[in-house]
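> only geometry, no sequence info:
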């Protein structure tokens, strides 16, 4: 679908289902041009059918496919986005998830860390020229799970040597907030605003690759529809409040105070440097 340079553009990762698909639908209904990214071919096709049919008032939907556990795929998708548009008004880093065990990708990264932190870090870095062109916003879907995280292990940032499924996810969600703070600090002068949010416990396929404990927790939890966190994401993408004073953390259209570890600006700055080192080691 051609991108009109006169209309706002949003990139939504994890747009093939759940929160991402609902967020894309709500933005399309407001007349936004949405570039979605998804992994599963069947769900991507369903999203194209559903969201394409709902497009109106200038709103459009374009779906790209990529496996965000692999940085080569992230870079390819970033290049495809750049070929479609020279401006990105909003980047919503929503894709992520949990794993039931330690999985090392073909690139040598740990899958939970790769999908939840390295992928949004690299995608954002690759799209910075397009975000600067529009004074864009970057929104990270984090989690209240960051509150149980211990401090990052700078000698084993990806938990490759000491892996626990729950802690690996919690540290990745902590990384989302630290990355948001440092991104906002670095790019505020370029007009970019970065925010993070907690979606709540959402009825989705989020835990489909999680361990038995995580799946039981999700099954027993008082879940909300994906539409609820999607409303907060759209609010952060479009409201005056979402574009004011970046580096903050939200839930249900209200600012919350994250855990003390998530407010550590020295850790945020170091995480950026260490993430660059990991990517450089992979050739990115």
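Cool, got the structure. Since this is a predicted model, take the numbers as computed values, not measurements.
> Can you point out the buried residues in stretch 125-142?
By 16 or more other Cβ atoms under 10 Å, the buried positions in stretch 125-142 come out as 125-128, 130-131, 133-134, 136-142. In short, each C-beta sits where N, CA and C put it, glycine included.
> now swap in stretch 7-26 and tell me
The neighbour-count check on stretch 7-26 (16+ other Cβ under 10 Å) flags 8-26 as buried.
> sorry, back to before: what's the most distant pair in the buried residues of stretch 125-142?
The distance between the two most remote of those (Cβ to Cβ) is 26.1 Å, for 133 and 142.
> can you tell me which of the buried residues of stretch 7-26 are in strands?
Residues of the buried residues of stretch 7-26 located in strands (DSSP state E): 9, 10, 11, 12, 13.
> quick one, strands of the stretch 1-150 of the chain?
Ranges of strands in the stretch 1-150 of the chain, per DSSP state E, counting those that start in this stretch, are 9-13, 33-38, 60-65, 90-93, 137-141.
> looking only at pLDDT, what's the mean for stretch 241-260?
Stretch 241-260 comes out with an average pLDDT of 97.
> got the buried residues for that stretch?
242, 243, 246, 247, 248, 249, 250, 251, 253, 258, 259.
> how much space between the fourth one and residue 188?
The reference is to residue 247. 9 Å (Cβ to Cβ, to the nearest Å).
> do the fifth one as well
Noted for residue 248: a distance of 13 Å to residue 188, by Cβ to Cβ.
> just the third one next, same as before
Distance from residue 246 to residue 188, counting by Cβ to Cβ: 6 Å.
> Give me the contact list for stretch 2-13.
Stretch 2-13 is contacted from outside by 20, 23-24, 27, 31-37, 58, 60, 62, 68, 81, 84-95, 119-120, 123, 127, 134, 237, using Cβ atoms under 8 Å, 6 or more residues apart in numbering.
> Just the buried residues of these.
By neighbour count, with 16+ other Cβ under 10 Å, the contacts of stretch 2-13 hold 20, 23-24, 27, 32-37, 60, 62, 68, 81, 84-85, 87-95, 119-120, 123, 127, 134, 237 as buried.
> ok, residues contacting stretch 109-117?
Contact partners of stretch 109-117, identified using Cβ under 8 Å, 6+ apart, comprise 68-71, 95-99, 102-105, 107, 118, 157-160, 163, 165, 168-169, 171-173, 175-176, 179, 275, 278, 282.
> So how do I select the buried members of those residues in PyMOL?
PyMOL command restricting the contacts of stretch 109-117 to the buried ones, with burial defined by 16+ other Cβ under 10 Å:
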select buried, resi 68+69+70+71+95+96+97+98+99+102+105+107+118+157+158+159+163+165+168+169+171+172+173+175+176+179+275+278+282
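> which ones among the contacts of stretch 109-117 are found in helices?
Counting by DSSP state H, the part of the contacts of stretch 109-117 found in helices is 71, 165, 168-169, 171-173, 175-176, 179, 275, 278, 282.
> give me the number of residues near residue 266?
By other Cβ atoms under 10 Å, the residues close to residue 266 number 8.
> Name the helix or strand for it, please.
Using DSSP states H and E, residue 266 sits in helix 265-282.
> center of the chain, which residue is that?
residue 93 (1.9 Å; Cα atoms, centre = their mean).
> What residue, apart from its backbone neighbours, is nearest that residue spatially?
Among residues not flanking residue 93 along the chain, residue 120 sits closest, at 3.6 Å (Cβ to Cβ, 6 or more residues apart in numbering).
> can you pull the contacts of the one you found?
Contacts for residue 120 (Cβ under 8 Å, 6+ apart) come out as 13, 93, 95, 140, 176, 179.
> Check residue 223 and give its pLDDT.
pLDDT recorded at residue 223 is 76.
> measure it to residue 19 for me?
In terms of Cβ to Cβ, residue 223 sits 12 Å off from residue 19.
> What of residue 46?
Distance from residue 46 to residue 19, counting by Cβ to Cβ: 15 Å.
> Same check on residue 155?
Noted for residue 155: a distance of 34 Å to residue 19, by Cβ to Cβ.
> Same question for residue 91.
Residue 91 is 15 Å from residue 19, by Cβ to Cβ.
> And for residue 100?
Residue 100 sits 21 Å away from residue 19, going by Cβ to Cβ.
> so where's the stretch 101-250 of the chain shaky on pLDDT?
For the stretch 101-250 of the chain, applying pLDDT under 70 flags the ranges 202-222.
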